[in-house]
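Novice: Need coordinates for the below:
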Amino acid sequence: MLQPNAVICLLLLSFSAHAEVYKWVDADGKTHFGDTIPESANVETLNLPSTPRSSSQPDVSPQEIKQRQQKMLEVFEDSRNAKNAKLAEKLAEKKERLRETCNKSASVMSAVRTGSLYTTNKDGSRNYLPESERESVEKRVAQSIKKNCH
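Specialist: Numbering: from 1, shown residues only. Alright, predicted model coming up:
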């Protein structure tokens, strides 16, 4: 007859370890995987096939191993594609904001060169900028265009 400690060890080994695997994206856009749920994240539970943990379970066929590997590759590929799509979206937004800034700068430069920079008084009359201020504005706008639009 087996000793009680040996029986307990065999029972513990016969249970397959089952832990949920979670996937989430942090605020910086990095994808993480783990076995605990983070406090403030949109978490996806991954349904991964279980792996045999003891010799009492049947061997896994090479085909099943390849299927599991393929599943993991697909999960990683999906994660990478989602991250790349998010980065491309952010880049497109940044380019659009830069284009708008360049267009506004070009409009301001046109107004500066034609001498039509003014402020509107409460009574609706225009107060044109003096030449000294116009030159200062023209320099700042030219520097902005040179820095951001070329």
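Novice: biggest helix in this structure by residues?
Specialist: helix 62-114 (DSSP state H).
Novice: So which helix or strand of this protein has the lowest pLDDT on average?
Specialist: Within the chain, no helix or strand scores below helix 4-14, which has a mean of 50 by mean pLDDT, DSSP states H and E.
Novice: in its sheet, what does whatever helix or strand comes next after it sit against?
Specialist: Next along the chain after helix 4-14, taking DSSP states H and E as the criterion, comes strand 21-25. Take DSSP bridges as the rule and strand 21-25 pairs in its sheet with strand 31-34 (antiparallel), strand 43-46 (antiparallel).
Novice: Can I get those strands in CSV including distance to Glu93?
Specialist: Glycine gets a C-beta too; all of them are placed from N, C-alpha and C. Converted to CSV, these look like this (distance: least, CB to CB, whole Å):
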stretch, distance to Glu93
strand 31-34, 21
strand 43-46, 25
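Novice: Now tell me which of those strands the model trusts least on average.
Specialist: Of all these, mean pLDDT reaches its minimum on strand 43-46 (a mean of 76).
Novice: Give me the contact list for that strand.
Specialist: Glu20, Val21, Tyr22, Lys23, Trp24, Phe33, Ile37, Val75 (CB atoms under 8 Å, 6 or more residues apart in numbering).
Novice: If anything else comes up later, I'll come back, but that's it for now.
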